[in-house]
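**Q** Pasting a predicted model and its sequence here:
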Amino acid sequence: MPVPRSAEFEAFVDSDGCRLRRALVARFGVDVGNEVTNDALAHAWSHWATVAVMSNRVGYLYRVGQSAARRYWRWRRGVVLAEVDDRGELDRYDDGLFDALGGLNHEQRVAVLLVHGYGYSYADVADVLGVSVAAVTNHVHRGLGSLRKKLGGGR
């Protein structure tokens, strides 16, 4: 008996939806990243017969999210990576960290956040972004160098 479409889709969202959301929030900030993740998942649901057989579903939906972000970015507000009223756990980070991350170009910001913030492997990040592992290595290396300069870590 075949697996119902809804169960298969829900299993995909449970297993890979978080990866997609993290990548899109790292790229576009909290507000736009969450909106375009929902748009990308809605697209996946509507086209599930096609998306289900793809080898890199998260990478494809990341591109769908990038396209959807164009309509949200009409006014070109800056990227907001964290919105908190009660800083709680964020107190352990340097006050300038989120501003410094927001100042990186989007490739570097996404690569640094996914590798060092969420513990993804370079291969996983390359898969999500649709680039080579060498490109991810360069983005992480350059992004960390820029963060060190901005935060006074030297080198």
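**A** Noted; the coordinates are in hand.
**Q** what's the helix or strand for Ala40?
**A** Following DSSP states H and E, the helix or strand that holds Ala40 is helix 30-46.
**Q** in the chain, which helix or strand is least confident?
**A** Least confident helix or strand of the chain, by mean pLDDT, DSSP states H and E, is helix 97-103 with a mean of 81.
**Q** Does the residue positioned nearest the centre of the chain lie in a helix or a strand, and which?
**A** The centroid of the chain falls nearest to Ala23 when counting by Cα atoms, centre = their mean (1.0 Å). Taking DSSP H and E as the criterion, Ala23 maps to helix 5-28.
**Q** Convert that helix to CSV, retaining C-alpha atoms only.
**A** Coordinates of each C-alpha in helix 5-28 appear next as CSV, following Å, rounded to 0.1, in the frame of the first residue of the first chain:
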residue,chain,number,x,y,z
ARG,A,5,1.0,12.0,0.1
SER,A,6,0.4,13.9,3.4
ALA,A,7,2.4,11.4,5.5
GLU,A,8,5.3,11.5,3.1
PHE,A,9,5.3,15.3,3.0
GLU,A,10,5.0,15.5,6.8
ALA,A,11,8.0,13.2,7.1
PHE,A,12,10.0,15.4,4.8
VAL,A,13,9.1,18.5,6.8
ASP,A,14,10.0,16.8,10.1
SER,A,15,13.4,15.6,8.7
ASP,A,16,14.5,18.5,6.5
GLY,A,17,12.2,21.5,7.2
CYS,A,18,14.5,22.7,10.0
ARG,A,19,17.5,22.7,7.6
LEU,A,20,15.6,24.7,5.1
ARG,A,21,14.3,27.2,7.7
ARG,A,22,17.8,27.7,9.2
ALA,A,23,19.4,28.4,5.8
LEU,A,24,16.7,30.8,4.8
VAL,A,25,16.7,32.7,8.1
ALA,A,26,20.5,32.9,7.9
ARG,A,27,20.2,34.4,4.4
PHE,A,28,17.2,36.7,4.8
